[in-house]
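S.K.: Everything below, folded, please.
(one chain, ligands or ions: 2)
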Amino acid sequence: MTQSFKAWRLLPLLVMLALVLTGCGDPYLSALNPSGPVAEEQLSLIYISLAVMIFVIVAVIVIYTYVLIRFRARPGQTEIPKQVEGSHTLEIIWTVIPILLLIIIAVPTVMTTFSLADETGIEEGLRVNVVAHQYWWEFEYPEEGIYTAQELVIPKDTWVFFELTAPDNGVIHSFWVPALGGKMDTNPGLVNRMKLKADKVGTFHGKCAELCGASHALMDFKVTVVEQEEYDVWAQKMMASQHVEPTTAVAQQGREIYANQCIGCHAIDANTKSPYPNLAGFADRQYVAGWWINDEKNLTEWIKNPQGLKPGNVMPDLGLSDEEVAAVVEYMKTLKLE
Ligand code: HEC
Ligand SMILES: [Cu+2]
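M.R.: Ligands and ions are numbered 1, 2, ... in the order given. Here you go, the predicted structure:
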């Protein structure tokens, strides 16, 4: 080699790596924009750990640089420098400092862990049972006796107490709404508990945070936070489960196809536990299968080709003709609660 290796040439690569690792992009899956008390407490724990870690990194780099320069071999120096070992003072210092740092992290972490597990006020709160399926989310409101899927509706400023699980023959998923808090695993045969509260209205993105199969990355859901009155209206409508009557001939034809091909998997009565996503009030959902905006184009694509969109999910390609799909889509647009 005629030229020595120049480390600075790696700089552009490092800059790019740094950009990739910061995960820059849309902030909708960021835990850094909390919209509720749980997310806020969790964020402050992140900040405490981060501060301690930055302190350690800076201290190590400063000492390291100082030692490199101060104790380097001088020109003409041939003898081996004085060897230091077994200094009690040094050993005590580098044992006590990490212990102190760990205490600084541990005390608030343990306190927060206990306060987040505290279930005082559960009687006044809203209860939701979550079942994580491959690759969709089932939400049951046990007190209202209603079921929904993919889009959880909750009132603002109310504690929501979750019981989370997965079917016995299922795999582990994890329930995470970055803006509200989490994550909590859903384990087959186990019930895990968690509480969340939202202090802003809006739609928050949720994600499965445990690698669970081919379409894990598409296993999203939404949390729609509304004012209490709006929530009450929604829950009443779900309990009544009265859908607008389809008026056009196409929509009526779609309803027949639905009754033959889909109803065995998808109830449209919110009071019934459906084997697969309950589609009561589906026209009011913002997304199809938790991921694609709920418009005519995406819904058509989903009914035609669910396996192409979400590989490995449980809904089969049904082999409907274009005309039949169009009719079903027309019918699904009428699935509005009145
Ligand atoms: C064998 C059972 C089965 C049949 C039959 C079936 N589906 Fe599905 N469907 C599923 C499953 C499972 C999912 C959830 C897919 C996922 O997200 O992983 C689903 C998801 C959906 C969704 C998205 C739901 C949501 O909450 O966003 C729609 C819409 C849908 N199906 C419509 C239909 C229509 C229309 C038919 C009939 C033409 C049909 N399905 C037939 C099993 C079925
Ligand atoms: Cu999952």
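S.K.: And the lengthiest helix in the chain, what's buried?
M.R.: The residue-count maximum for a helix in the chain (DSSP state H) belongs to helix 37-70. Residues of helix 37-70 classed as buried by neighbour count (16 or more other Cβ atoms under 10 Å): 37-39, 41-43, 48, 52. In short, each C-beta sits where N, CA and C put it, glycine included.
S.K.: again with stretch 167-175
M.R.: 170-171, 173-175.
S.K.: how about the helices in the stretch 201-338 of the chain?
M.R.: Using DSSP state H, counting those that start in this stretch, the helices of the stretch 201-338 of the chain run over 228-240, 249-261, 296-304, 306-309, 322-332.
S.K.: on contacts alone, who are the packing partners of the last one?
M.R.: Packed against helix 322-332 by the contact rule (3 or more Cβ pairs under 8 Å, 6 or more residues apart in numbering; DSSP states H and E) you find helix 249-261, helix 296-304.
S.K.: Repeat that for the third one.
M.R.: Judged by 3+ Cβ pairs under 8 Å, 6+ apart, the packing partners of helix 296-304 are strand 287-288, strand 292-293, helix 306-309, helix 322-332.
S.K.: how about JSON lines for these, with distance to residue 206 added?
M.R.: Output for the helices and strands packed on helix 296-304, formatted as JSON lines (distance: least, Cβ to Cβ, whole Å):
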{"stretch": "strand 287-288", "distance to residue 206": "11"}
{"stretch": "strand 292-293", "distance to residue 206": "15"}
{"stretch": "helix 306-309", "distance to residue 206": "19"}
{"stretch": "helix 322-332", "distance to residue 206": "23"}
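S.K.: can you put these in JSON lines and add mean neighbour count and distance to ligand 2?
M.R.: Shown next, in JSON lines, are the helices and strands packed on helix 296-304 (neighbours: other Cβ atoms under 10 Å; distance: least, Cβ to the ion, whole Å):
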{"stretch": "strand 287-288", "mean neighbour count": "20", "distance to ligand 2": "16"}
{"stretch": "strand 292-293", "mean neighbour count": "14", "distance to ligand 2": "17"}
{"stretch": "helix 306-309", "mean neighbour count": "15", "distance to ligand 2": "16"}
{"stretch": "helix 322-332", "mean neighbour count": "20", "distance to ligand 2": "25"}
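S.K.: Would you mind telling me which of those is nearest residue 103?
M.R.: Ranking the helices and strands packed on helix 296-304 by proximity to residue 103 (Cβ to Cβ) places strand 287-288 first, at 44.7 Å.
S.K.: Give me the residues contacting the closest one.
M.R.: Contact partners of strand 287-288, identified using Cβ atoms under 8 Å, 6 or more residues apart in numbering, comprise 150-151, 220, 222, 293-294, 298-299, 302.
S.K.: Cross the buried residues of stretch 167-175 against strands and list the overlap.
M.R.: Counted as lying in strands by DSSP state E, out of the buried residues of stretch 167-175, are 173-175.
S.K.: and which of those is nearest ligand 2?
M.R.: residue 173 (3.5 Å; Cβ to the ion).
S.K.: coming back round to it: are any of the contacts of strand 287-288 buried, and if so which?
M.R.: Buried among those by 16+ other Cβ under 10 Å: 150-151, 220, 222, 294, 298-299, 302.
S.K.: Please convert these to CSV, extending it with distance to ligand 2.
M.R.: Converted to CSV, the buried ones among the contacts of strand 287-288 look like this (distance: Cβ to the ion, whole Å):
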residue, distance to ligand 2
150, 13
151, 17
220, 10
222, 15
294, 21
298, 21
299, 23
302, 19
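S.K.: TSV for the buried residues of helix 37-70, including pLDDT and distance to residue 146?
M.R.: Converted to TSV, the buried residues of helix 37-70 look like this (pLDDT from 0 to 100; distance: Cβ to Cβ, whole Å):
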residue	pLDDT	distance to residue 146
37	95	26
38	96	24
39	96	26
41	96	30
42	96	29
43	96	32
48	96	40
52	96	45
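S.K.: Make a markdown table out of those and add distance to residue 103.
M.R.: Supplementary listing: the buried residues of helix 37-70 in a markdown table, determined by distance: Cβ to Cβ, whole Å:
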| residue | distance to residue 103 |
| --- | --- |
| 37 | 25 |
| 38 | 24 |
| 39 | 25 |
| 41 | 19 |
| 42 | 20 |
| 43 | 21 |
| 48 | 11 |
| 52 | 10 |
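S.K.: part of a helix, is residue 157?
M.R.: No. Counting by DSSP: H, G, I helix; E, B strand; the rest coil, residue 157 is not found in a helix; it is coil.
S.K.: hang on, it packs against residue 197?
M.R.: Yes. Contact between residue 157 and residue 197 holds when scored by Cβ atoms under 8 Å: they sit 6.9 Å apart.
S.K.: Relative to residue 102, how far out is residue 77?
M.R.: Using Cβ to Cβ, to the nearest Å, residue 77 is found at 40 Å from residue 102.
S.K.: higher neighbour count, the two?
M.R.: Neighbour tally, residue 77 and residue 102, criterion other Cβ atoms under 10 Å: the higher count belongs to residue 102, 12 against 9.
S.K.: Local confidence estimate at that one?
M.R.: You'll see residue 102 listed with a pLDDT of 96.
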